[in-house]
Structures are given as C-alpha cells and as structure tokens.
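[1] The amino acid sequence is not available; the structure is as follows:
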C-alpha cells in the first residue's frame with residue numbers, strides 16, 4: 001500500500017507488507033500535514049507483491065489507485081472511490097474508502113483509517129481476501145472539527161465597476177481571460193467546496209437595480225430565486241454571475257451591512273442548535289470602500305458572536321486604506337458605540353497584491369485565519385467537535401469482514 005502527495009512526485013510512505021494472510025490488517029501510520037487553505041491531493045495505490053524489494057517494484061502487480069484531497073477526507077469523514085488502473089480504466093469492482101473516525105483531544109491530530117474493499121476476481125486470484133484493510137493516517141490540524149464550512153458569496157454590482165459591456169469594466173466577461181471577480185471567486189471557492197457536503201453555495205449581489213421593478217437591492221440572489229439562492233458548485237456560481245450581468249443595472253451605493261446581517265441571521269439559527277455542525281464563511285468581493293461603514297462595523301461586532309467568518313477581497317485599483325479598519329489586525333474593531341468584537345472574524349485582502357500570483361497564493365492568504373477563527377468560536381461556546389461526543393475506538397471493528 002502506497003500513499004503519495006500529488007503535489008510532490010515522491011512517495012510519502014508505504015505500508016508494511018503482509019504475506020500469506022487472507023485477512024491482512026495494515027498498522028502503518030502515515031503523517032501528512034493538513035492545511036485548510038490549500039487543496040492537498042493524495043493518491044493511494046495497491047500492489048500485489050511478488051518480489052522482495054518492497055511495494056511498487058517491477059515484479060509486482062499494480063492493482064489500482066485512487067485520488068482524493070485531504071479536505072474531502074476531513075470534511076466528509078468517509079470518501080469512497082473506485083480503483084483505477086492507468087489511463088483512467090476501472091479496476092473491476094474494486095473500491096477504496098478513506099474514513100475519518102476519531103479525533104484525539106490533546107495533540108491536534110485527526111485519525112483517519114484507509115480501507116480497501118476488494119471485490120473483483122483479480123483480487124481473489126491473487127490470494128487476497130475481499131475484506132476491509134485499514135491503516136491509519138494522522139493529519140495535523142488546527143481545525144479538525146466535524147462541522148461543515150458553508151460558503152456564502154457576495155458580489156459588488158455598483159456602478160463604479162464600469163459598464164460590463166466595456167472591456168475596461170471589472171465585470172467585463174472576456175472569453176479568454178477571467179476577470180478579477182471570477183479569479184477571486186474560483187480561488188477561494190475551490191478550497192471551500194471540499195468542506196461542503198452538498199456542494200451548494202449561496203450567491204448574493206449588492207448595489208444593483210434588479211428586475212422586474214429595477215429597484216436598488218443590497219442583498220439579492222444572483223440566480224434571481226429569492227426562495228433558494230444556492231448554486232450547484234462553484235461552477236454554478238460562476239454561471240449565475242455571468243447570466244446575471246446582462247439583466248441588472250449597476251448602481252450603488254456600496255452597502256455591505258445588509259449582506260452581513262443576512263448571513264448572520266442564518267448563522268444565528270445554527271447557533272441555537274448548540275452543536276458544532278455548520279460554520280459559515282462569507283466571501284465579499286468589492287471594488288471600493290463600503291459606504292455604510294458604521295452599520296458594517298455594527299454588523300461585524302454582532303457576527304463575531306456567531307459561527308461565521310468574513311473574507312473581503314478588494315477588486316481593482318481603488319484606495320482600500322479605510323477597509324483595513326474592518327480587518328482588525330491593527331487594533332480591535334469596535335461598533336460605533338464602542339463595543340469590541342468578540343473575535344477577529346474579518347480578513348481583508350486587496351486582489352492587486354496577488355494579480356500576478358497563482359490562485360493558490362490568494363486562497364492561502366484569505367483563508368489562513370479561518371481555522372483559528374473556527375477554533376476560537378467553538379472554544380468560546382465550549383462545544384467539542386461532534387465526532388468527539390460519545391466516540392468509541394474504531395479499531396474494535398476493523399478486523400471484521402464487511
């Protein structure tokens with residue numbers, strides 16, 4: 001059994017070889033650093049060993065492999081995929097399931113168990129039993145709670161962005177090059193979608209006149225369905241954004257407090273469950289300084305008591321100096337009445353600083369503080385991860401055939 005990190009050509013490690021055993025149990029522990037703000041691709045490979053040089057030599061039969069991300073394992077707790085041979089061919093009915101079953105309370109490690117279920121004739125012919133074969137994978141994590149991170153997107157449609165039909169507009173849709181709004185959306189969204197089980201994302205707009213009456217709205221669904229503002233995956237958000245542009249009139253002002261309050265209302269309902277179930281990330285994409293700063297500060301202070309974080313990406317070349325106030329890195333953000341935030345939940349990043357960088361660099365920067373913010377919230381609420389409540393040691397069931 002081999003574990004490989006896709007970003008690195010070398011193998012992370014190999015499991016031990018168990019010979020002449022119809023019911024092998026792999027005990028090898030693999031250590032892989034877990035970073036919430038990155039897409040970390042893993043590859044698992046299975047070999048039938050014939051030689052004496054270890055796994056993966058030219059004498060051994062490659063039985064198949066599977067790829068997934070660390071984020072998928074941590075978020076879903078159970079990732080099942082078919083084994084593939086080279087060139088995308090299925091390896092019969094064989095599957096691999098990676099399961100996260102236990103989180104230790106002290107050392108910050110998430111305990112995962114790799115299980116390969118062997119079902120087709122090739123495995124039987126090679127004298128391998130069709131059972132689950134586990135080995136542990138420990139992932140170092142500040143944010144290994146079982147809660148799902150729900151992404152909410154808010155896009156600035158104020159007139160200062162420029163006419164979308166003009167190539168100089170920040171909302172111009174170039175068929176060959178995504179605009180800055182799309183670059184920021186995809187960079188952050190592709191990370192967050194691993195932690196969202198249903199892959200549906202709420203997508204809102206603000207600062208535009210919308211049909212049918214063309215009144216200004218600061219919290220409208222960009223799919224124009226007020227009863228269900230969620231889109232299917234990040235690609236669904238992208239399509240709704242592109243379809244929305246010809247139907248609205250960019251206007252103003254740049255008010256974001258209504259968006260923050262709308263998401264906070266949903267987060268407040270989650271708080272009432274008193275479980276570590278869902279944590280909300282609001283991604284605000286804007287081309288200018290907010291015009292309702294007092295109301296925004298008040299809304300952020302209220303939101304700091306709820307299971308949510310706010311990421312603001314400044315698009316374009318505006319002077320975003322005043323936006324740094326919301327970030328709180330240079331001092332504690334306070335409401336107009338002087339009440340401080342409970343937690344620093346806002347991260348502001350000007351997109352221009354990452355214009356020539358990779359999407360990964362932007363995502364790492366804007367999401368870097370989220371794990372800390374999640375831990376601070378659940379620590380304040382004294383809520384342990386749900387997987388720690390009444391958890392039992394999974395090893396007791398690992399050897400039983402499925």
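    Alright, I've got the coordinates. Keep in mind that what you see is a predicted model, and the values were worked out from it rather than measured. Residues are numbered from 1 along each chain as shown.

[2] what packs against the helix or strand containing residue 269?
    Using DSSP states H and E, residue 269 sits in helix 257-271. Judged by 3 or more C-beta pairs under 8 Å, 6 or more residues apart in numbering; DSSP states H and E, helix 257-271 is in contact with strand 200-206, strand 278-286, helix 293-303, strand 308-314. C-betas here are computed from N, CA, C, even on glycine.

[3] contacts for it?
    Residues from elsewhere that reach helix 257-271, judged by C-beta atoms under 8 Å, 6 or more residues apart in numbering: 152, 154, 202, 204, 206, 218-219, 277-278, 280, 282, 284, 290, 292, 295-296, 298-300, 302-303, 306-308, 310, 381.

[4] circling back: would you tell me which one of the helices and strands packed on helix 257-271 is buried the most?
    Of those, the one with the most neighbours on average (mean count of other C-beta atoms under 10 Å) is strand 308-314, at a mean of 26.

[5] tell me the mean pLDDT over that strand?
    Mean pLDDT, computed over strand 308-314, is 95.

[6] and the next helix-or-strand element following it, which residues are buried?
    Following strand 308-314 in sequence order, the next helix or strand is helix 324-327 (DSSP H and E). By neighbour count, with 16 or more other C-beta atoms under 10 Å as the criterion, the buried positions of helix 324-327 are 325, 326, 327.

[7] Now render the helices and strands packed on helix 257-271 as a markdown table, adding distance to residue 69.
    Listed next are those as a markdown table, based on distance: least, C-beta to C-beta, whole Å:
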| stretch | distance to residue 69 |
| --- | --- |
| strand 200-206 | 18 |
| strand 278-286 | 17 |
| helix 293-303 | 29 |
| strand 308-314 | 20 |
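
[8] Could you report the separation of the closest residue to residue 157 other than its chain neighbours from residue 171?
    Nearest residue to residue 157 in three dimensions, chain neighbours excluded: residue 208, at 3.7 Å (C-beta to C-beta, 6 or more residues apart in numbering). According to C-beta to C-beta, to the nearest Å, residue 208 and residue 171 sit 10 Å apart.

[9] Can you check which residues contact both of the two?
    Common neighbours of residue 208 and residue 171 (criterion: C-beta under 8 Å, 6+ apart): 157, 250.

[10] Quick one: end-to-end distance for stretch 45-63.
    Its start and end residues considered, stretch 45-63 measures 8 Å (C-alpha to C-alpha, to the nearest Å).

[11] so for that stretch, what's the average pLDDT?
    Stretch 45-63 comes out at a mean pLDDT of 65.

[12] how about the residue nearest to residue 274 when sequence neighbours are not counted, secondary structure?
    Of all residues beyond its chain neighbours, the one nearest residue 274 is residue 383 (6.9 Å), with distances taken as C-beta to C-beta, 6+ apart. Under DSSP: H, G, I helix; E, B strand; the rest coil, residue 383 falls in the coil class.

[13] any idea how far residue 196 lies from residue 152?
    Remark: distance between residue 196 and residue 152 (C-beta to C-beta) = 11 Å.

[14] Which one's more surrounded, the two?
    More crowded of residue 196 and residue 152, by other C-beta atoms under 10 Å: residue 152, with 24 against 20.

[15] May I have the beta-bridge partners of the more buried one?
    When assigned by DSSP bridges, residue 152 has beta-bridge partners residue 202, residue 282.

[16] For it, which residues are in contact?
    Residue 152 touches 201, 202, 203, 204, 263, 280, 281, 282, 283, counting by C-beta under 8 Å, 6+ apart.

[17] Return the residues in contact with the second one.
    Counting by C-beta under 8 Å, 6+ apart, residue 202 makes contact with 150, 151, 152, 153, 221, 229, 230, 231, 263.

[18] Give me the three-state assignment for the closest residue to the second one other than its chain neighbours.
    Think residue 151. Leaving out its chain neighbours, the residue that sits closest to residue 151 by C-beta to C-beta, 6+ apart is residue 192, at 4.3 Å. Using three-state DSSP as the criterion, the local structure at residue 192 reads helix.

[19] Residue 192: how many residues sit nearby?
    25.

[20] my read: residue 294 touches residue 336, true?
    Yes - counting by C-beta atoms under 8 Å, residue 336 is a contact partner of residue 294 at 4.7 Å.

[21] who touches the helix or strand encompassing residue 360?
    Counting by DSSP H and E, the element that carries residue 360 is helix 359-367. Helix 359-367 is contacted from outside by 35-39, 183-184, 186-188, 190-192, 283, 311, 313, 347, 349, 351, 354, using C-beta under 8 Å, 6+ apart.

[22] Which ones among these lie within helices?
    Among the contacts of helix 359-367, DSSP state H puts 183, 184, 186, 187, 188, 190, 191, 192 in helices.

[23] before we move on, back to that, looking at the contacts of residue 152, spot the one nearest residue 331.
    Closest approach to residue 331 among those (C-beta to C-beta): residue 282, at 21.8 Å.
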